[in-house]
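In: I would like the atomic coordinates for the input below:
(one chain, ligands or ions: 1)
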Amino acid sequence: MSADTAYMASIWQQALVHMKKAFIKPLFETWIKSTMPLSINDNVIEIGTPKQFVKEWLESRYVPIIKEALKAAANKDFEIVFINMDMEEEIDETALLNIDIEAQIDVLQEEQINQQQQKENITPSDQLSQPAEDVDIDNVDYLKYLDDIGDIPQAAALAPSPTILETPSRPAVPKTKRFDQQPNSNMPATEDFNLNPKYVFSTFVIGNSNRLAHAASLAVSEAPAQVYNPFFIYGGVGLGKTHLMHAIGHRIRENNPNIKVVYISSEKFTNELINSIISGNPESFRQRYRNIDVLLVDDIQFLSKKEHTQEEFFHTFNTLHEANKQIIISSDRPPREIQTLEDRLRSRFEWGLITDIQPPDLETRIAVLRKKAMIESLNVPNEVIVYIASRIENNIRELEGALIRVVAYASLNNQPIDIDLATEALKDIFPNGRPKQITTELIQDIVAGHFKIKLEDLSAKKRTRNVTYPRQIAMYLCRELTETSLPKIGEIFGGRDHTTVIHAHDKISRERQMDAKLNNTIKDLVKRIES
Ligand SMILES: Nc1ncnc2c1ncn2[C@@H]1O[C@H](COP(=O)(O)OP(=O)(O)OP(=O)(O)O)[C@@H](O)[C@H]1O
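Out: So this is what the prediction gives:
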C-alpha cells in the first residue's frame, strides 16, 4: 500500500466514523457504505459510487455532510469528486429512495413539532405582522387587468375550460401513514383536469439526463406536500416535463383516489382567470384553484410579463402552500431565468426542490424508441431505432414523431420496415440520407485530427496532458456514440482497464456541464463524426 493510499484509507475510515453519527442508520447503511475512496490529491478526494444514481443522489444532497466529516477527519477542507464505478450488482433504486423519504419525513415531522411549539409561543402582535407582499387580491384593478393585453395568450385566448378526465383505474393502494392529508372536500374528487393516461411512471424511460427528476417525482408522488414543496422541474422542449407531472398526478390518485389533482398549463390558467373576470365571477376561479390538494402548473414561463396573472397565481400558491397542499411547476428554464417573473414568486419557487431534465444521451433515446415500439406493438428493427435515435438528439417528442412517421410510411406502402424505408420516410427530416456507420476508429481519427496529435498517441502509454485529455474525450465519445462495451473501449485505447473508461466518461460528462468551451468542442466533434 503506497503512503497516499494508506493516508486516504485512514482519513476515509475516520470520516466514516463521523458520518455514522451525522446520518441516521438506514441512510448511512444504504448511501454511504456502498462508496469507497479512490484517490486523494492535495485537497481533492475521489469517491467511487456503485451506480450513477447513487453518485447523483450524493452529489445533490449530501456533499456538505461528507465534507464536514472529511474536515473533522483530516483537519482540512476537501473538494469531493464522485465517480460512478458502474458495479455489476443490482441495487433497488426505489427502495433506497424510500429509505431516504422515510428519513426526511422523520426530520420534517420533528420540524413540524418544533414549529408548532414555536407557534404556541407566538404573541398576538406577532400574528398581526403580515409580510408586506400579502396584497389583498380583492383590491386588484380588474378593468386595468383586462386592458393588460399582455395577459391574454394569443392563440388560446378565452378557450373553454379543460376537459375533465378520470385517471386510469388501478386498485387503490391503502393510504400510507405518511400521506395523512385530509383531502379537500369542496370539489368532487373526479374533477381531475387533463391527466393523460399514457403519461405514467411505467412508460417513462429513465436515463442519466432525467434520473434525478424522475427520482424526485417519485418521492413527491409518494409523500405529497411532505418532501419537496413546491417541486419545480425545468428543461428544454419535449424532454418529458409534462409526462413526469402527469405521472405524479396519477400516482398520487392511485394511492388515494379522494385526492383532488388539477393539472393546467399556465396559458389555460390565464384564460380561465380572464373568463372568470369577464363573466363577473372571479371568486369562482379562486374557489376552484384554492380548494384542491395537488396543483400541477405546466410551462410557468408563459406567466412572464403577465403581472396580474402572476398576482393571482401568487395568492393561489400561498393559499395552497399554507394549507400544506402540493404544488408542482414546470418551465423551460429555471426560475431565476424567467424574465419579469416577480421576485416574490421566484423566491417561492425556490423554497422547494428545483430539478432539471437534460437532453437524453444516445442510450436513452434508443431506450425511449424501444419502449414506444413495445407499447404500441410496433415491430421495428434495431438498426432503424438506432438510425432515428442517432439523428434526433434534443427532443423526445420529435423522436417519437419520426418513429411514427416510419411506421405509417411502411403501412401505407405495405412494405417491411428497414433502413432503406426509414431513410426514404425521413428524407425531409434527415436530408443527408443513410447514416454513416460510427466506429471507434472514426472517432479516434477525428479526435486526433482535432487535437493535432498522432493517432497512435491515443492508445500509447503516454500520460502528458496534451494526450490524456484528447484520449479521455475520445473514450467519452466512443461510449456515447457507439454500442462498444467498456472493456472493448479500454482495449482499443491501449489495453486500458474498463474503470479508466468509466473515469474518463464521468470526468468529461461533468466538465462539459461546467465548461462551455469544452461543451462546444464536443458538439463540434459529434457533428463531424456524424456528418
Ligand atoms: N423519458 C421519457 N420516456 C418516455 N417518453 C418520454 C420521455 N420523455 C419524454 N417522453 C415523451 O415525449 C413526449 C414529449 O414529452 P413532454 O410533453 O412531457 O415534454 P415537455 O418537456 O413537457 O415539453 P414542452 O416543453 O413542449 O411542454 C411525450 O410523448 C412523452 O411521453
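In: what's downstream of the helix or strand hosting residue 268, the next helix or strand?
Out: Here residue 268, judged by DSSP states H and E, is contained in helix 266-278. Stepping forward along the backbone from helix 266-278, the first helix or strand reached (DSSP H and E) is helix 282-290.
In: Quick check: next helix or strand after that following helix?
Out: Moving toward the C-terminus from helix 282-290, the next helix or strand (DSSP H and E) is strand 294-298.
In: That next one to helix 282-290, inter-axis angle?
Out: Counting by axes from the mean of the first three to the mean of the last three CA atoms, to 10 degrees, strand 294-298 points 100 degrees away from the direction of helix 282-290.
In: How far does the helix or strand that strand 294-298 is followed by sit from its chain's centre?
Out: On the C-terminal side of strand 294-298, the nearest following helix or strand under DSSP H and E is helix 307-322. Remark: helix 307-322 is offset 25 Å from the chain centroid, using CA atoms, centre = their mean, to the nearest Å.
In: Give the buried residues for helix 307-322.
Out: Neighbour-count burial for helix 307-322 flags 307-318, 320-321 (criterion: 16 or more other CB atoms under 10 Å). In this view, the C-beta of every residue, glycine as well, is placed from N, C-alpha and C.
In: Please apply the same query to stretch 230-244.
Out: Buried residues in stretch 230-244 (16+ other CB under 10 Å): 230-235, 238-244.
In: How about stretch 332-341?
Out: Buried positions in stretch 332-341, judged by neighbour count with 16+ other CB under 10 Å: 332, 334, 335, 338, 341.
In: Redo these as a markdown table? Include secondary structure.
Out: Putting those into a markdown table (DSSP: H, G, I helix; E, B strand; the rest coil) gives the following:
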| residue | secondary structure |
| --- | --- |
| 332 | coil |
| 334 | coil |
| 335 | helix |
| 338 | coil |
| 341 | coil |
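In: ok, back up a step: so what does the helix holding residue 268 touch, helix or strand wise?
Out: On a contact count with 3 or more CB pairs under 8 Å, 6 or more residues apart in numbering; DSSP states H and E, helix 266-278 meets helix 142-147, helix 282-290, strand 294-298, helix 307-322.
In: Could I get the ones you listed in JSON lines, plus columns for distance to the ligand and mean pLDDT?
Out: As requested, these are exported to JSON lines (distance: least, CB to the nearest ligand atom, whole Å; pLDDT from 0 to 100):
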{"stretch": "helix 142-147", "distance to the ligand": "27", "mean pLDDT": "38"}
{"stretch": "helix 282-290", "distance to the ligand": "20", "mean pLDDT": "86"}
{"stretch": "strand 294-298", "distance to the ligand": "6", "mean pLDDT": "94"}
{"stretch": "helix 307-322", "distance to the ligand": "18", "mean pLDDT": "88"}
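In: Need the contact partners of stretch 405-421.
Out: By CB atoms under 8 Å, 6 or more residues apart in numbering, the surrounding residues in contact with stretch 405-421 are 376, 378-381, 383-384, 387-388, 422, 424-426, 429, 434.
In: Of those, which qualify as buried by neighbour count?
Out: 378, 380, 384, 387, 388, 422, 425, 426.
In: So which of these is the closest to the ligand?
Out: The shortest gap between the ligand and any of the buried ones among the contacts of stretch 405-421 belongs to residue 388, at 13.5 Å (CB to the nearest ligand atom).
In: What average pLDDT does the helix or strand containing that closest one get?
Out: Mapping residue 388 onto the secondary structure by DSSP H and E places it in helix 382-391. Confidence for helix 382-391, expressed as mean pLDDT, is 90.
In: buried ones in the helix or strand that that helix is followed by?
Out: The helix or strand immediately downstream of helix 382-391 is helix 396-413, counting by DSSP H and E. Of the residues in helix 396-413, 396, 398, 399, 400, 402, 403, 405, 406, 407, 409, 410 count as buried by neighbour count, 16+ other CB under 10 Å.
In: Next one: helix 396-413, is it in contact with the ligand?
Out: Yes - looking at helix 396-413 against the ligand by CB under 6 Å from any ligand atom, the contacts come from 396, 397, 400.
In: The second one contacts residue 241, correct?
Out: No - taking CB atoms under 8 Å as the contact criterion, residue 397 and residue 241 are not neighbours in contact, 11.1 Å apart.
In: Next, residue 356: secondary structure please.
Out: When the structure is split into helix, strand and coil by three-state DSSP, residue 356 lands in strand.
In: mind checking which of the helices and strands packed on helix 266-278 is nearest residue 477?
Out: For these, distance to residue 477 was read as CB to CB. The smallest value, 34.9 Å, belongs to strand 294-298.
In: I'd like the helices and strands packed on helix 266-278 as CSV, with distance to residue 205 appended.
Out: Shown next, in CSV, are these (distance: least, CB to CB, whole Å):
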stretch, distance to residue 205
helix 142-147, 43
helix 282-290, 32
strand 294-298, 20
helix 307-322, 31
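In: Out of the ones you listed, which gets nearest to residue 200?
Out: strand 294-298 (14.1 Å).
In: And the residue in the stretch 201-350 of the chain positioned nearest to the ligand, how far from residue 248?
Out: Across the stretch 201-350 of the chain, no residue is closer to the ligand than residue 240, which sits at 2.6 Å (CB to the nearest ligand atom). Residue 240 sits 12 Å away from residue 248 when distances are taken as CB to CB, to the nearest Å.
In: again, but for residue 328
Out: Taking CB to CB as the criterion, residue 328 is separated from residue 248 by 6 Å.
In: List the residues that are in contact with both of the two.
Out: Here residue 328 and residue 248 have 220, 231, 294, 296 as joint contacts, going by CB under 8 Å, 6+ apart.
In: What is the neighbour count of the third one?
Out: Other residues within reach of residue 294 by the criterion other CB atoms under 10 Å amount to 27.
In: What score does residue 224 have for pLDDT?
Out: Per-residue confidence (pLDDT) for residue 224: 92.
In: Backbone dihedrals for it, both of them.
Out: Phi and psi for residue 224, reported as degrees, to the nearest 10, are phi -60, psi 140.
In: Okay, and the beta partners of the closest residue to it other than its chain neighbours?
Out: Counting by CB to CB, 6 or more residues apart in numbering, residue 224 lies nearest to residue 326, which is 4.0 Å off, once chain neighbours are set aside. Under DSSP bridges, the beta-bridge partners of residue 326 are residue 294.
In: quick one: contacts for residue 326?
Out: By CB under 8 Å, 6+ apart, residue 326 lies in contact with 220, 224, 225, 229, 230, 231, 252, 293, 294, 295, 320.
In: 7 Å instead?
Out: Applying CB atoms under 7 Å, 6 or more residues apart in numbering, we find residue 326 in contact with 220, 224, 225, 229, 293, 294.
In: Throw those into TSV and include distance to residue 516, thanks.
Out: Written out in TSV, the entries for the contacts of residue 326 read as follows (distance: CB to CB, whole Å):
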residue	distance to residue 516
220	32
224	38
225	38
229	33
293	42
294	38
